[in-house]
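> Sharing a model that was predicted from the sequence below.
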Amino acid sequence: MKDVFIHPTALVETDQIGEGTKVWAFAHILKDAVIGRNCNIGDHNFIEGGASLGDGVVVKNGNMIWEGVHIEDAVFVGPHVFFTNDLFPRSKQLPEAAERGSRKENWLVPTRVKKGASLGAGAVILAGVTIGEYSLVAAGTLVSKDVPPYALVLGAPGRVRGWMCRCGLRLRLARGRATCGGCGLGYRRGRKGIELLGPKC
Amino acid sequence: MKDVFIHPTALVETDQIGEGTKVWAFAHILKDAVIGRNCNIGDHNFIEGGASLGDGVVVKNGNMIWEGVHIEDAVFVGPHVFFTNDLFPRSKQLPEAAERGSRKENWLVPTRVKKGASLGAGAVILAGVTIGEYSLVAAGTLVSKDVPPYALVLGAPGRVRGWMCRCGLRLRLARGRATCGGCGLGYRRGRKGIELLGPKC
Amino acid sequence: MKDVFIHPTALVETDQIGEGTKVWAFAHILKDAVIGRNCNIGDHNFIEGGASLGDGVVVKNGNMIWEGVHIEDAVFVGPHVFFTNDLFPRSKQLPEAAERGSRKENWLVPTRVKKGASLGAGAVILAGVTIGEYSLVAAGTLVSKDVPPYALVLGAPGRVRGWMCRCGLRLRLARGRATCGGCGLGYRRGRKGIELLGPKC
């Protein structure tokens, strides 16, 4: 693992970890987790086998990224985001639940976070949702259904309350169009929320 | 402690820990915590003296189980469930609060989680509640009062929104009766929510 | 660092830490964090450079106290309180967000927690707020605006639902006045919530 920084107290058991990635104190990455390049994985994180991260992902501290959670390039995962992979969990030691728990296809529900999205501190992500490109899930939001690209989502349960530019600033739509006051990117209302205008469309 | 697995980075200071239990990385179990058999205690957990776990309890990662929290057999504690044991906490270094803080009977309020219950990721459990047998507290729920047996509770504050089978599937009641579509167990409406039908009643 | 207790598994990289402070297992305090005297910093905490704590602060377990978060004397920070310092976070590896991310004045928003306040388990504190003296933020509250002194705040978003004495008990106001049933301190309604009566006013 060339050019990977692993803090002396971190435990990294996977060998699928890309160049330039940093893993900080007391983090634990299990065998068969797949981690891209140039990721920054903070203290006290736990990443399970069967989870995947793209390139340039920031994982702030104290996250648990379970099997079945797939995170694309350049996503920001805030501190203590709550992923789940089973909507109806039971202890596997409970006799009545042993059969259901014994086969993953009975309970394992995947979650996908698309490119450039940001998940705020303490957001709860119910298993099975897809979080769209460049969206922003505000701190403390309960995400119980899919999030459209570029959407600002907040509340419990989370609802779309606005639209975000790729650069991180909030957009103001007028007659279905918006230009970012920071970086100048243009957007228009599309089928599923908004979409980028111009050559990059 | 025969047949107890303790990860090399975990700190286990209690000697009351049952056979077959596993304690994973960076977990810390304090003196006088009581832990049953065949429990699975994930990374980054903290269990205080005066807390107790029955047999077959799953404690996912990053939990803090304080003095006064009592968890019965085969409970599932999801990631980052927030237990509390004081409804009005203050720093003990605050002079005006020093007297109240100096005696446990002034502030310590116990919490009980009954057999087979499941607590979802990031649920907040206010001190003093009892969470009923086989109930399911959904991820992100704020539990501020007792939860009936078999209840599905969600929201902030949490409300009863349905009923769960012991096996983990949701029940559909019709005329006060339900049969689980998965495992076939039968239930009927009872005094406090629902109860199991037949020989096990 | 005279009379500072540092657990053998804790990492303390700052040299600005006051007498009598204790740092517990798997905690990590970074260079240039400023920590006062007689603080109690629990397991699995993370405190960043540019954060500050006064004297007598209790930091329960699993907190992340970021650059720009300033906590005054005798505050109680419950388990897993979510601080933030950027309202619109993005991965710094996202090309469209690189310019905004490159200068702290673009995104760093400070937070202040005033003397004697208490923050309950799992509370989410949005960047930029000030939390008033001796207030109590209930467990699971989303704090999105300033909290008045002595206020009891709860809900998502948090609203003022009552008033707290310095000692930690709830006050009952009658005709704009209250005397604490526990410690006897007196209060009256003031410009911003309530204020202490008598010689300490």
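That came through, no problem. The structure presented is a predicted model; accordingly, all values stated were derived computationally and were not measured.

> what comes up buried for stretch A:133-146?
Under the neighbour-count criterion of 16 or more other C-beta atoms under 10 Å in any protein chain shown, stretch A:133-146 has A:133-144 buried. To be clear about C-beta, it is placed using only N, CA and C from the backbone, and glycine gets the same treatment.

> Got the phi and psi for A:Gly101?
Main-chain torsions, A:Gly101, degrees, to the nearest 10: phi -70, psi -20.

> which residues of chain A fall in helices?
Under the criterion DSSP state H, helices of chain A are mapped to A:98-102.

> lowest average confidence, helix or strand, in it?
Least confident helix or strand, chain A: helix A:98-102 with a mean of 90, by mean pLDDT, DSSP states H and E.

> Report the buried residues of it.
For helix A:98-102, burial by neighbour count (16+ other C-beta under 10 Å) applies to A:100-101.

> Just give me the closest of the buried residues of stretch A:133-146 to chain B.
Set against chain B, the nearest of these by C-beta to the nearest C-beta is A:Leu142 (4.5 Å).

> Hmm, that closest one is touching B:Thr141, no?
No. At 9.1 Å, A:Leu142 and B:Thr141 do not qualify as touching, with contact defined as C-beta atoms under 8 Å.

> which residues sit in contact with whatever residue of chain A ends up closest to chain B?
Nearest residue of chain A to chain B: A:Gln93, at 2.8 Å (C-beta to the nearest C-beta). Residues in contact with A:Gln93 (C-beta atoms under 8 Å, 6 or more residues apart in numbering or on different chains) are B:38, B:55-58, B:73-74.

> For the residue nearest the centre of chain A, give its distance to chain C.
Central residue of chain A (C-alpha atoms, centre = their mean): A:Val113, 4.4 Å from the mean position. Distance from A:Val113 to chain C, counting by C-beta to the nearest C-beta, to the nearest Å: 11 Å.

> ok, the least confident helix or strand of chain A near chain B or not?
Yes. Helix A:98-102 is in contact with chain B by C-beta under 8 Å from any C-beta of the partner chain, via A:99-101.

> Who are the packing partners of that helix?
Judged by 3 or more C-beta pairs under 8 Å, 6 or more residues apart in numbering or on different chains; DSSP states H and E, helix A:98-102 is in contact with no other helix or strand.

> Return it as PDB; C-alpha atoms alone will do.
What follows is helix A:98-102 as a C-alpha-only set of coordinates in PDB (Å, rounded to 0.1, in the frame of the first residue of the first chain):
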ATOM      1  CA  ALA A  98     -32.300 -17.000  14.200                       C
ATOM      2  CA  GLU A  99     -33.700 -18.200  10.900                       C
ATOM      3  CA  ARG A 100     -34.300 -14.800   9.400                       C
ATOM      4  CA  GLY A 101     -30.800 -13.700  10.600                       C
ATOM      5  CA  SER A 102     -29.000 -16.700   9.200                       C
END
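
> roughly how far is it from the heart of the chain?
Offset of helix A:98-102 from its chain centre (C-alpha atoms, centre = their mean, to the nearest Å): 28 Å.

> Which residues does it contact?
A:90, A:92, A:106-107, B:167-169, B:182-183.

> quick revisit: narrow the contacts of A:Gln93 to those in strands?
Among these, the members falling in strands (DSSP state E) are B:Val58.

> Please list which of the contacts of A:Gln93 are also close to chain A.
B:38, B:55-58, B:73-74.

> Now do stretch A:180-188: distance from first to last residue.
The first residue of stretch A:180-188 is 11 Å away from its last residue (C-alpha to C-alpha, to the nearest Å).

> What of stretch A:20-33?
This stretch, stretch A:20-33, spans 17 Å end to end (C-alpha to C-alpha).

> Also stretch A:179-198?
12 Å.

> Enumerate the positions of that stretch that are buried.
Under 16+ other C-beta under 10 Å, the buried positions of stretch A:179-198 are A:180, A:182, A:185, A:187, A:193-194, A:196.

> Repeat that for stretch A:101-116.
Neighbour-count burial for stretch A:101-116, counted by 16+ other C-beta under 10 Å, picks out A:101, A:107, A:110-116.

> what does the model give the closest residue to A:Leu169 other than its chain neighbours for pLDDT?
In space, and not counting its chain neighbours, A:Leu169 is closest to A:Gly182: 4.4 Å by C-beta to C-beta, 6 or more residues apart in numbering or on different chains. With respect to pLDDT, A:Gly182 scores 90.

> So what's the residue count around the residue lying closest to A:His80 once chain neighbours are set aside?
Residue nearest to A:His80 in three dimensions, not counting chain neighbours: A:Gly62, with 4.6 Å by C-beta to C-beta, 6+ apart. Per other C-beta atoms under 10 Å in any protein chain shown, the neighbour tally for A:Gly62 reads 31.

> A:Leu197 against A:Arg188, yeah?
Yes. Taking contacts as C-beta under 8 Å, A:Leu197 lies within contact range of A:Arg188: 5.4 Å.

> and for the two, which residues touch both?
A:Arg177.

> Isn't A:Ile125 up against A:Leu119?
Yes. Counting by C-beta under 8 Å, A:Ile125 does reach A:Leu119; the two are 7.1 Å apart.

> any shared contact partners between those two?
A:81, A:113, A:131, A:137.

> just those now: which is nearest C:Gly20?
Distance to C:Gly20, by C-beta to C-beta, is smallest for A:Val81 among the shared contacts of A:Ile125 and A:Leu119, at 34.9 Å.

> What score does that closest one have for pLDDT?
A:Val81 is given a pLDDT of 96.

> Test my guess that it contacts A:Ala117.
No. Under the criterion of C-beta under 8 Å, A:Val81 is not in contact with A:Ala117, lying 11.2 Å apart.

> hmm, back to that, let's see which of the shared contacts of A:Ile125 and A:Leu119 end up in strands.
Per DSSP E, those map to strands at A:113, A:131, A:137.

> Pretty sure A:Val109 sits against A:Gly68.
Yes. Using C-beta under 8 Å, A:Val109 is in contact with A:Gly68, at 6.7 Å.

> Which neighbours do the two have in common?
Shared contacts of A:Val109 and A:Gly68 (C-beta under 8 Å, 6+ apart): A:85, A:127.

> Give me the number of neighbouring residues for the closest residue to chain C within chain A.
Chain A approaches chain C most closely through A:Gly56 (2.8 Å), counting by C-beta to the nearest C-beta. A:Gly56 is flanked by 25 other residues according to other C-beta under 10 Å.

> State the pLDDT value of it.
Reported pLDDT for A:Gly56: 98.

> leaving aside the residues next to it on the chain, what's closest to it?
C:Gln93 (2.8 Å).

> Near chain B, which residues of chain A? Just list them.
When proximity is defined by C-beta under 8 Å from any C-beta, chain A lies next to chain B at A:11, A:26, A:28, A:44, A:46, A:62, A:64, A:80, A:82-84, A:88-97, A:99-101, A:107, A:122, A:124, A:126, A:142, A:156.
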